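J.: got a structure for you, letters missing:
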């Protein structure tokens, strides 16, 4: 699919009334106007003071990401999400604001700690899950792969450009037949004079179908070499012959970023584009391990958005002559959401401190991802229910976050995979099949 053509599709009509016309009790008198609700305003979202002692530099990254969410994302995101269109201008703006690096050191850029990266992930996902995923794909996966596994020349050429969004980056590991068991990937790399020939298919690859944009794209492709069966990493420029990426349509989650079904037919990759330090699946796993904590932070961002929306709506929505917030059952719901949110915040702050001390284990990263995505699901469902029929409208935020949480609950390792990693650490026995 041509992204330029795709991006110029006419806007779909705005959402109509809820099914039945009176969902949530909106039975207004004839001629009365439906009330409007402000659900992006400021709410106390750190009641336990988990983030009260942030270092100044980390706080500055967080505040910059928060302002970007309110000033740049808020005015346009419902339209892009509704049309399943990619707001490329927001990705470019992330590069201008230095919010794409996911904590990876880049020569000539200001220091960015793991905590700062987590806070940025949180705030971007608080604004929108697709925008948070742009950062996760561009910085967390593509840029990190080159930074960790590239030659000095590759790092110098590609990493600053990826950080500034001067080129789009993709990370191609998952295949149509290999998701959770990605170690069994079937994409093949055959050694030829001057490089390799790649053949195979990948699926659900974010940013892989952006060859026709002004920036173009580069995809980090993980493939198994024919000669020794090792998993290697390759930098594939998206305009090369034999590279075909079709944007996946009809998604109900992360609709404002494009994932692609990628087909490679005898794509020639010169030696200059082979990642020299990507020699086994352990190198792939090293990149994925670094991003798993970021997904937990994203879950906190989604949950924060749902919680603050529920609080504001409950204060503004009047039923039976009083605000919902004056109801005991609503206050219990809000208390439960706040308790769950603080649990998530405390976990990611603690796990991030371990990561910065280089003591975070894969099992702990899995525990953070498992706990936070599950809990975000709970908060989102509770908030959606509290909003009644209004909860399914994009303008009230919760439905978009509820849908997007389903994606982060799955990618970077499904709940089942995380549970098996945690279970193995508990019992000392592996329950993985095969």
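T.: Alright, I've got the coordinates. Since this is a predicted model, take the numbers as computed values, not measurements.
J.: Report the contact partners of the residue sitting nearest the centre point of the chain.
T.: The residue lying closest to the centre of the chain (CA atoms, centre = their mean) is residue 133, at 2.7 Å. Contacts for residue 133 (CB atoms under 8 Å, 6 or more residues apart in numbering) come out as 206, 254, 257, 298, 407, 408. In short, each C-beta sits where N, CA and C put it, glycine included.
J.: closest to residue 275 among those residues?
T.: The closest of those to residue 275 turns out to be residue 206 (CB to CB; 18.9 Å).
J.: Tell me the bridge partners for the closest one.
T.: Per DSSP bridges, the residues bridged to residue 206 are residue 259.
J.: May I ask which of the contacts of residue 133 has the most neighbours?
T.: Tallying neighbours with other CB atoms under 10 Å puts residue 298 at the head of the contacts of residue 133, with 33 neighbours.
J.: List phi and psi for that residue.
T.: Residue 298 adopts backbone torsions of phi -60, psi -40, taken as degrees, to the nearest 10.
J.: And it, how far from residue 103?
T.: 14 Å (CB to CB, to the nearest Å).
J.: Over to residue 120?
T.: 9 Å.
J.: higher neighbour count, the two?
T.: Higher neighbour count among residue 120 and residue 103: residue 120, with 32 against 24, using other CB under 10 Å.
J.: any idea how far residue 373 is from residue 212?
T.: Counting by CB to CB, the separation of residue 373 from residue 212 is 33 Å.
J.: Okay, domains of the chain per the record?
T.: Domain ranges of the chain: 169-280, 282-427, per automatic domain parsing.
J.: and the end-to-end length of the shortest one?
T.: Between the opening and closing residues of domain 169-280 there is a gap of 21 Å (CA to CA, to the nearest Å).
J.: How far away from the center of its chain is that domain?
T.: Mean C-alpha position of domain 169-280 versus that of the full chain (CA atoms, centre = their mean, to the nearest Å) differs by 19 Å.
J.: Show the pLDDT at residue 25.
T.: For residue 25, the model assigns a pLDDT of 43.
J.: what's the answer for residue 229, then?
T.: 89.
J.: mind listing the helices for the protein?
T.: For the chain, the helices defined by DSSP state H cover 3-7, 56-68, 77-83, 88-96, 114-127, 129-135, 144-149, 152-163, 281-316, 328-356, 362-386, 398-410, 415-427.
J.: of these, which approaches residue 233 most closely?
T.: helix 144-149 (5.4 Å).
J.: Point out the other helices and strands that the closest one packs with.
T.: Other elements packing on helix 144-149 under the criterion 3 or more CB pairs under 8 Å, 6 or more residues apart in numbering; DSSP states H and E are helix 152-163, strand 231-237, helix 281-316.
J.: a markdown table please, covering those and showing distance to residue 324.
T.: Formatted as a markdown table, those follow (distance: least, CB to CB, whole Å):
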| stretch | distance to residue 324 |
| --- | --- |
| helix 152-163 | 44 |
| strand 231-237 | 52 |
| helix 281-316 | 4 |
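J.: thinking again about what came up before, quick one, which of the domains of the chain gets closest to residue 39.
T.: Closest to residue 39 of the domains of the chain is domain 282-427 (CB to CB; 4.3 Å).
J.: How far does that closest one sit from its chain's centre?
T.: 13 Å.
J.: Start and end of it, how far apart?
T.: Terminal residues of domain 282-427 lie 23 Å apart, using CA to CA.
J.: Kindly provide the whole-number mean pLDDT of it.
T.: Domain 282-427 shows a mean pLDDT of 94 in the predicted model.
J.: Make residue 1 into 35 and carry on from there
T.: Happy to do that; since the first residue is 35 now, the last one works out to domain 316-461.
J.: before we move on, back to that, now the domains of the chain as JSON lines including distance to residue 186?
T.: Putting the domains of the chain into JSON lines (distance: least, CB to CB, whole Å) gives the following:
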{"stretch": "domain 203-314", "distance to residue 186": "10"}
{"stretch": "domain 316-461", "distance to residue 186": "17"}
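J.: do you know which of the ones you listed lies nearest residue 94?
T.: When the domains of the chain are compared by CB to CB, domain 316-461 sits nearest residue 94, at 16.9 Å.
J.: Redo the helices of the chain as CSV? Include distance to residue 305.
T.: Formatted as CSV, the helices of the chain follow (distance: least, CB to CB, whole Å):
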stretch, distance to residue 305
helix 37-41, 30
helix 90-102, 37
helix 111-117, 39
helix 122-130, 29
helix 148-161, 32
helix 163-169, 30
helix 178-183, 15
helix 186-197, 11
helix 315-350, 18
helix 362-390, 34
helix 396-420, 32
helix 432-444, 36
helix 449-461, 34
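J.: Identify whichever of these lies nearest to residue 256.
T.: Comparing these by their distance to residue 256 (CB to CB), the top pick is helix 315-350, with 5.5 Å.
J.: got the buried residues for that closest one?
T.: Neighbour counts over helix 315-350 (16 or more other CB atoms under 10 Å) mark 315, 317-318, 320-350 as buried.
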